[in-house]
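Asks: quick one, fold the following:
(chains A and B)
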Amino acid sequence: MTQYILRRLLLVLPLVLGITIITFTIINLAPGDPITAMLDPQEMRQLTSADIEQRRVELGLNQPIPVRYLIWVREALHGNLGYSIQEKRPVAEMVLEKLPASLALSLPSILIAITLGVGLGVLAALRQYSLFDYLATAAAFFGVSVPGFFFAFMGMYLLGVKLQVLPIFGMWTPGQPTEINLDLVHHAVLPVAALAIAHVAGYMRYARAAMLDSLAAEYVVTARAKGISEVAVQWVHVFRNALLPLVTIAGLALPTLIGGSFVIETIFSWPGVGLLGYTAILQRDYPLQMGIALMSAVAVLLANLVTDIAYCFVDPRIRYD
Amino acid sequence: MSANPTAAGQASLPTGLSGTTFTYGNSKPAGNVINPLNTIGTGQNVLIEAMFLRLVYGRQWGDGQNPADSGPIDLAVAGAMREIEKDRVWEFDIRPNVKWHDGRPVSADDVIYGIWLALNKNAKTTNETPMPLLKGGQKLLDQGAPPTDVSVDGATKKGDNTVRIELEQPVPNYWVNWSVGYWPMPKHIFGQLPFDNLFDAPYNTMPVGNGPFKAVKYVDGQYMQMAANPDFYLGKPKTDNYIVRFGDGNTLAAALEAQEIDGMSAAAGPVYDHLTSLPYVVGNPVPAPLPYGFAVNYQTVDKAAELTRAIGYAIDVATYNKQLASNTLVPSNYIFGHIVGLETPPDGFRKPEYDPEKAKAILKDLNWDSSKTLRSVIWTPPTPGTDALHAMLNAVGIKTQYKQIDVATIYDQLYRGNDWEIVWTNLSGDQDLAQVWKYIKCGWNYDQGGFNAEKYCNQELDALWQRGLDETDQTKRKQIFDQISLKLQDTSPQATVWRTAVTYVWNKRVKGAYPYQYRRPVRPALEKVYIQP
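Replies: Numbering: from 1, shown residues only, chains lettered A, B, ... in the order given. Okay, the predicted model is just below:
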């Protein structure tokens, strides 16, 4: 197992390199640059042509993309992800500063989505073709088909604007302590729900399908023939085997813990990594975009590794040594 | 620094309409910098106006889109002003009771330091309107000065609390035009910092200003909390707290409807109409100075002047205004209407007119090929408004198609590039005629320091314009710009049709709201705002 993990970690390096090359190239090929992004289209007077050229030189933007990439890699290897062009602060510091806000949304939303989605999926499978199964399936199709931002706007409108029971935006009420408290929970309800709903539907469909596959397996027939209680058959034999595909799906959700949600965080003005990334894209803040991309890429690769390791625990047949 | 970023934040404040807190919604300040010498957008200016004071302000607010065209300059940091030489030299006495938020009095040194810093090339400030007409100002802009040499030829100290401002030449209405650039800055703070750190923490988000509100707490991406300045020279503001919350336009609109914020600027049209239909919301359109219309690229379109005239007749301003702009537009085809001293067009100036038949007649005279498609540059996705405007052109036989570009490429694609035919844009809302000229003058493209994206050129008009700028007598100057206006009627880079309004919406319990005025030399009197219990 240890060797396997080491091999996988070694594989991460070329993958990260490839991801960063592609990301860096695409980011830098996007029209405009951080300097022209500062110009107000209503009035172009803030920077003269000479100012723009001078600032491009100062930031090294006049260099060819490969040269800039190599400089970026050299600095990244020394732990320096660069400085945000717009805010002139270290990228790593900015991302780490926003990470708790993203975690405050993504962690509960993933937990809720997994718990609720898997629970509903299992129940739907156990009561296949019942009214509950039909209702749950219909709800799941709705949840999968409708984008998260729709739920966000609907929640905002119904619970925030009309009923006024939940705040519309922000992480804390201005003036309240900016720490983990009930005010934070109150503000998190809508964005967490908006993030969770779409995932609930997905997990439910996967759980239902996996459970039905397991229920139809021959070892279940054997277990029942042995006279094992139905509860034991369902939870020990069926559910455990159904977990394997669910682990894959849950593992893929882990990177969102780091990367945040660009859309939901923007809608609710939630100051996480997602909102930071969205702003960085609009402002053509290359170092910040690369910092977030790198962290997200590493998160995806590590999540895959964690998922693979988790297979061993949920399925004893799998061994990597 | 007097403002404690954490202590005051511990107290739980009511927000929205509760008690003595005024909550405004706006975009986040760009780059997390709140400093008058580093501004690139409204997100910063809303906060700057609450925490900083200029030396003086152009005029008191008048009716409509302009400051009053007569009357005294609105004094702020300066308590008295004397004209020593007509339109060229003045002396300002600094009020003894204007203090920085850390308790230090604002001094003549601070006034000179602010001017020097704003003009100093080495400081890399981004002042909205530097002061190139100030004596010695251009030298600072061109060459810069080291931190040890805080001096400007045209801004000198005459005693501890008096500053003398001297221009290179007399300029009528100088303070109406240029007061927007004169920000005293706390020398005792910024004078200690290297130029590279002027806009860094902690002063970037916790500025020490001299305005009616003091910075208390800045939460990145969330809000700026400010408290009433008890030492404000006009008395403590009526609201104890002023909070500006950051969000995108749609989220803020929902927050206003939910009464989480007290005011915001909403785009005219459906959102504004919806918000103002609520029983507890009132609309407050404030005319903006920017003259809008379709500009035609003179290099890529034959007979651009005639086409521009046809476009002017093709736009049904009244219908657009009623159906898509909440009746907040001010129809106007006169580009100098926002400039003090030039508010009224000359005799014989044609009034704006919607007449599609006239448009068609001009196009017929042009032998306009109605199958020809003009590429119309836009940098935001098409809206019902842009669709309507282009449909109006199509209705008279001017076929168009959008050329959508990224906003970050305007510099290259619109101002320097030439691969387009028309664009919906403004022709400068600046008070200063030298700045307006940059949109029209021959050869003044972006690389020459101008904004003449249309590559318009009329040397006769340029000669007149130069004469107008050189003329120091206001009456004669008006006559020259009247001639320019009449000439522009027949050959103009833009078919100007209206001026927009900044459409504010307030909860009706907000009284005396006096919003930030985009690029206007008028002080928003935030100390007068209060919440009716």
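Asks: from the stretch 201-321 of chain A, which residue is nearest to chain B?
Replies: A:Pro271 (3.4 Å; Cβ to the nearest Cβ). In short, each C-beta sits where N, CA and C put it, glycine included.
Asks: same question for the stretch 1-150 of chain A.
Replies: Counting by Cβ to the nearest Cβ, the stretch 1-150 of chain A gets nearest to chain B through A:Gly32 (2.5 Å).
Asks: let me see the contact set for the residue lying closest to the residue of the stretch 201-321 of chain A closest to chain B once chain neighbours are set aside.
Replies: Leaving aside its chain neighbours, A:Pro271 sits nearest to B:Gly221 (3.4 Å; criterion: Cβ to Cβ, 6 or more residues apart in numbering or on different chains). By Cβ atoms under 8 Å, 6 or more residues apart in numbering or on different chains, the contact set of B:Gly221 is A:269, A:271, A:275-276, B:28, B:246.
Asks: so B:Ile440 sits against B:Leu461, correct?
Replies: Yes - counting by Cβ atoms under 8 Å, B:Ile440 does reach B:Leu461; the two are 7.2 Å apart.
Asks: show me where the stretch 101-250 of chain A has its helices.
Replies: Using DSSP state H, counting those that start in this stretch, the helices of the stretch 101-250 of chain A run over A:131-145, A:148-155, A:182-215, A:218-225, A:230-232, A:239-253.
Asks: B:Met224: what secondary structure?
Replies: What DSSP: H, G, I helix; E, B strand; the rest coil gives for B:Met224 is strand.
Asks: so what sits opposite it in the bridge?
Replies: B:Tyr218, B:Val244 (DSSP bridges).
Asks: mind checking how far it is from A:Thr256?
Replies: Distance, B:Met224 to A:Thr256, using Cβ to Cβ, to the nearest Å: 30 Å.
Asks: likewise for B:Arg309?
Replies: B:Arg309 is 56 Å from A:Thr256, by Cβ to Cβ.
Asks: and for whichever residue of the stretch 151-300 of chain A sits closest to chain B, the neighbour number?
Replies: Residue of the stretch 151-300 of chain A nearest chain B, by Cβ to the nearest Cβ: A:Gly175 (2.9 Å). A:Gly175: 22 surrounding residues under other Cβ atoms under 10 Å in any protein chain shown.
Asks: which pLDDT value belongs to it?
Replies: pLDDT recorded at A:Gly175 is 85.
Asks: hmm, it is touching B:Asp240, no?
Replies: No - look at A:Gly175 against B:Asp240 with Cβ under 8 Å: they stay out of range, at 11.0 Å.
Asks: my guess is A:Tyr311 contacts A:Val247, does it?
Replies: Yes - A:Tyr311 lies in contact with A:Val247 (Cβ under 8 Å); the separation is 6.3 Å.
Asks: where does pLDDT dip in chain A?
Replies: Residue ranges of chain A with pLDDT under 70: A:38-47, A:257, A:259-260, A:319-321.
Asks: mind giving me the domain split of it?
Replies: A:2-77, A:95-314 (automatic domain parsing).
Asks: and of those domains, who's closest to B:Ile398?
Replies: domain A:2-77 (23.5 Å; Cβ to Cβ).
Asks: what about B:Pro184, neighbour count?
Replies: Counted with other Cβ under 10 Å, B:Pro184 comes out at 29.
Asks: err, B:Thr300, not the other one
Replies: Neighbours around B:Thr300, by other Cβ under 10 Å: 16.
Asks: report the contact partners of it.
Replies: B:418-421.
Asks: pLDDT check: weakest of those residues?
Replies: Lowest pLDDT among those: B:Asn418, 88.
Asks: per-residue pLDDT of the spatially closest residue to that residue that is not a sequence neighbour, please?
Replies: Once flanking residues are discounted, B:Asn418 sits nearest to B:Gln299: 5.6 Å by Cβ to Cβ, 6+ apart. For B:Gln299, the model assigns a pLDDT of 93.
Asks: so B:Gln299 sits right up against B:Lys455, yeah?
Replies: Yes - counting by Cβ under 8 Å, B:Gln299 touches B:Lys455, with 4.3 Å between them.
Asks: among the two, which residue is more densely surrounded?
Replies: Legend: neighbour count by other Cβ under 10 Å for B:Gln299 and B:Lys455, higher for B:Lys455 (17 against 12).
Asks: list the residues that contact that one.
Replies: Taking Cβ under 8 Å, 6+ apart, one finds B:297-299, B:418, B:445 in contact with B:Lys455.
Asks: just the buried subset of those, please.
Replies: Buried residues within the contacts of B:Lys455, counting neighbours by 16 or more other Cβ atoms under 10 Å in any protein chain shown: B:297-298, B:445.
Asks: run through chain B and note the low-pLDDT ranges.
Replies: In chain B, residues with pLDDT under 70: B:1-19, B:59-71, B:127-130, B:132, B:514-520.
Asks: ok, longest helix in it?
Replies: helix B:474-490 (DSSP state H).
Asks: closest residue of the stretch 151-300 of chain B to chain A?
Replies: Closest point on the stretch 151-300 of chain B to chain A, by Cβ to the nearest Cβ, is B:Gly221, at 3.4 Å.
Asks: roughly how far apart are that residue and A:Ala193?
Replies: 21 Å.
Asks: same check on B:Asp365?
Replies: Applying Cβ to Cβ to B:Asp365 and A:Ala193 gives a distance of 63 Å.
Asks: look at these two and report which has more neighbours.
Replies: A direct count of neighbours by other Cβ under 10 Å for B:Asp365 and A:Ala193 places A:Ala193 higher, at 20 against 11.
Asks: my read: A:Ile264 touches A:Pro147, true?
Replies: No - in this structure, A:Ile264 is not within contact of A:Pro147 by Cβ under 8 Å, at 10.3 Å.
Asks: what about stretch B:167-184 and chain A, any contact?
Replies: No - judged by Cβ under 8 Å from any Cβ of the partner chain, stretch B:167-184 stays clear of chain A, getting no closer than 12.1 Å.
Asks: do me a favour and get the end-to-end distance for that stretch?
Replies: 18 Å (Cα to Cα, to the nearest Å).
Asks: which parts of it are buried?
Replies: B:167, B:171-184.
Asks: between A:Ile264 and A:Pro147, who's got more neighbours?
Replies: Per other Cβ under 10 Å, whichever of A:Ile264 and A:Pro147 has more neighbours is A:Ile264, with 26 against 12.
Asks: what's around residue 236, how many residues?
Replies: Picking chain A for this. The burial count for A:Val236: 13, using other Cβ under 10 Å.
Asks: chain B is the one I meant
Replies: B:Lys236: 14 neighbours (other Cβ under 10 Å).
Asks: right, and it touches B:Ala228 too?
Replies: Yes - in this structure, B:Lys236 is within contact of B:Ala228 by Cβ under 8 Å, at 5.1 Å.
Asks: any common contacting residues for the two?
Replies: B:Glu527.
Asks: for chain B, identify the residue most remote from the centre.
Replies: In terms of distance from the mean C-alpha position of chain B, B:Asn367 ranks first, at 40.5 Å (Cα atoms, centre = their mean).
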